[in-house]
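would you be able to build a 3D model of this:
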Amino acid sequence: MNLEESNEFQKNQNKNEVNKKILLISIFFCAILIFILILAIFYIRYKDSLELKFYIDGVQKNISKTLFINQNDVDYVNIKEFSEMLGYTYTKGEYQKYNENEDSCYINNDFEVVAITADLNYFTKYIQVKNGSDVTTEAGPFGTNISVKSQNGKSNTFHIEKPVKLINDQLYIPFDLLTDAYNVSVDLKEQNRIKIYTLPFLFKNYMKIAGTLGYNSISGIYENIRAIPYNLLVVGNNGLYGVVDFSQNNKQILSVKYENLEFIQNSQEFFMSADSTVGLLDKNGKTIIKPMEYDEISILDEVKQLYLVNKDGKYGVLNRSGDIIVHVDYDRIGLKNINDFGNNIEDIRNPNLLFDECIVVGANSKYGLFDTDGKELLKTNYETFGYNTSSMDISGESSVLIIPEEVGIRGIVVCYDGLYGIYDVNVKNLVIPCACSRIYSITKLGTTTYYMEFNGEQIDLYNYIVTNNIKSVEKENTQNNVEEDIFDEIIDDEFEDDIE
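Residues are numbered from 1 along each chain as shown. Purely as a prediction, here's the structure:
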């Protein structure tokens, strides 16, 4: 190799070295740019993850600053805004009452109404289809005919620990009550992502899933469709039904062998019927009430876990263990005319269970009382419970069924031989004998006063109770003797023994 060739080689070497350096520098800078880009993507994703996003049926929705609020470590949702986003109709005031109360509202879709009042420990749902019949069909958003089985017009009470709140003149419902109130599934798996799935959306998707699992159909009964947000699906084959739990890897918790299944949403239980018998099963497939010779089972009170049973037109009450509380001997359980007492029943959580303790029974057009343990409190000797005012009564007088605690007793108005008295739930006795011609209330300037009428004389009930020392609310388990000064001439011991 001569000198000229050696120089050329050296130049090429240097050039290659420069190119390598340039390449390395380029790779380095590209790596930095890629790294920066990756960091930017992660940063954008991180910032995005910090931003709350809200979806309904997979579609992102814009949310206002007032949709969600936290108070005392409880997350709340604005009822009006959320209802409108779901297509529910929001109405201010109490359901079936003509008022504009700010602390109450009711929301409804094509199938049900939800009645809500702030600061109560419950809210109430009614299946309420458009034509008011016991069974109806609606195609609507479900894409198929939907029927209502037996709950049309009946109320379902949901006992809640966190009540609805009136915040900044708006009603807010606790976030964890959305499934119960709106029949929606709530997905919170991703941080700052709230994904809501409505009942029609879930129904259509589970129809497809049921087919892949080998079932011919899923129940189109609206009561049963409401089980879907709880991951429970009523499936069918050849006219028989069972239940699949999608939270347990599609486990069949109720075999496909029942002629009818009906989901009870507020207790998450199933009424079943097969081979002319009915029973009650829980959401895990365990038997609550064994199938027996009853024609029908329904919930009397979900909080006290009491069930109304019917056989050959007679009614009784069972507890959750299937034990008999009230034998199936009565023409009815509960009062026939409960709505006649208007505002007097506002504080009664369940009108069939007065003061949460007393079961009303009726036989041969007479009424009596049992407690929730099955003890008879009053024999069925009473013509009616409650005093119902007539058109002849003085303007402003109202019917009375119960005497509230602020009067000093927890009283139930009873009628014997056309005269009225008061049974006190605390002392378990008649504290006002059946000798009054009327027991009524008058409300003036927002204050309600209770009166009884004896021999044409109007007597302030509160004053009478205080004067005669028969208050029982503060001393619940102490029976007080009634001073029957004005009743002595018409009430004797023999009469009292007879009616009690």
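
and Ile439, which of the three is it?
Secondary structure state of Ile439, per DSSP: H, G, I helix; E, B strand; the rest coil, is strand.

going forward can the numbers begin at 37, since that is how I track them
Sure, I'll start counting at 37 from here, so that last one is Ile475.

let me see the contact set for it.
Contacts of Ile475 were listed using C-beta atoms under 8 Å, 6 or more residues apart in numbering, and they are Tyr423, Val436, Val449, Tyr456, Ile458, Ile468, Tyr486, Tyr487, Met488, Glu489, Leu497. Just so you know, the C-beta spots here come from the backbone N, C-alpha and C atoms, and that holds for glycine as well.

distance of it from Gln494?
Using C-beta to C-beta, to the nearest Å, one obtains 11 Å as the distance from Ile475 to Gln494.

and if you look at Asp212?
Relative to Gln494, Asp212 is positioned 50 Å away (criterion: C-beta to C-beta).

still on that earlier bit, just the contacts of Ile475 now: which is nearest Val95?
Sorting the contacts of Ile475 by distance to Val95 puts Val436 at the head of the list, at 52.1 Å, by C-beta to C-beta.

what's the neighbour count on that closest one?
Around Val436 sit 28 other residues, with neighbours defined as other C-beta atoms under 10 Å.

still on that earlier bit, so what sits against both of Ile475 and Gln494?
Each of Tyr487 lies in contact with both Ile475 and Gln494 under the rule C-beta under 8 Å, 6+ apart.

okay, the contacts of Ile475 in a markdown table with distance to Met328, secondary structure and pLDDT next?
Formatted as a markdown table, the entries for the contacts of Ile475 read as follows, by distance: C-beta to C-beta, whole Å; DSSP: H, G, I helix; E, B strand; the rest coil; pLDDT from 0 to 100:
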| residue | distance to Met328 | secondary structure | pLDDT |
| --- | --- | --- | --- |
| Tyr423 | 39 | strand | 89 |
| Val436 | 39 | strand | 88 |
| Val449 | 36 | strand | 93 |
| Tyr456 | 39 | strand | 95 |
| Ile458 | 38 | strand | 95 |
| Ile468 | 41 | strand | 92 |
| Tyr486 | 44 | strand | 92 |
| Tyr487 | 47 | strand | 92 |
| Met488 | 45 | strand | 92 |
| Glu489 | 48 | strand | 92 |
| Leu497 | 45 | helix | 93 |
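
kindly state the domain boundaries assigned to this protein.
The domain map for the chain lists 95-233, 235-328, 422-535, with the assignment taken from automatic domain parsing.

so for the first one, what's the average pLDDT?
Domain 95-233 shows an average pLDDT of 86 in the prediction.

gap between that domain and the chain center?
Centre-to-centre, domain 95-233 and its host chain are 10 Å apart (C-alpha atoms, centre = their mean, to the nearest Å).

nearest to Tyr343, out of the domains of the chain?
Tyr343 lies closest to domain 235-328 among the domains of the chain, at 6.5 Å (C-beta to C-beta).

now do that closest one: distance to the chain's middle.
On the basis of C-alpha atoms, centre = their mean, domain 235-328 is displaced by 20 Å from the centre of the chain it belongs to.

equivalent analysis for stretch 363-377, please.
Its chain's average C-alpha position is 22 Å from that of stretch 363-377, according to C-alpha atoms, centre = their mean.

and the next helix or strand past whatever helix or strand Tyr343 lives in?
Per DSSP states H and E: Tyr343 is located in strand 342-347. Of the helices and strands lying after strand 342-347 in sequence (DSSP H and E), the nearest is strand 350-355.

return the set of buried residues in that following strand.
Of the residues in strand 350-355, Tyr351, Gly352, Val353, Leu354, Asn355 count as buried by neighbour count, 16 or more other C-beta atoms under 10 Å.

now for the residues you listed: which two are most distant?
Comparing all pairs in those by C-beta to C-beta, the longest separation belongs to Tyr351 and Asn355, at 15.1 Å.

from Ile152, how far off is Ile230?
In this structure, Ile230 lies at 21 Å from Ile152, with C-beta to C-beta as the measure.

who's more crowded, the two?
Ile152 (24 against 20).

from memory the more buried one sits against Asn144, does it?
No: at 11.4 Å, Ile152 does not count as touching Asn144 under the criterion of C-beta atoms under 8 Å.

returning to that earlier point: can you list the helices and strands that the strand holding Tyr343 packs against?
Here strand 342-347 touches strand 332-337, strand 350-355, strand 360-366, going by 3 or more C-beta pairs under 8 Å, 6 or more residues apart in numbering; DSSP states H and E.

since that was my last question, I'll sign off now.
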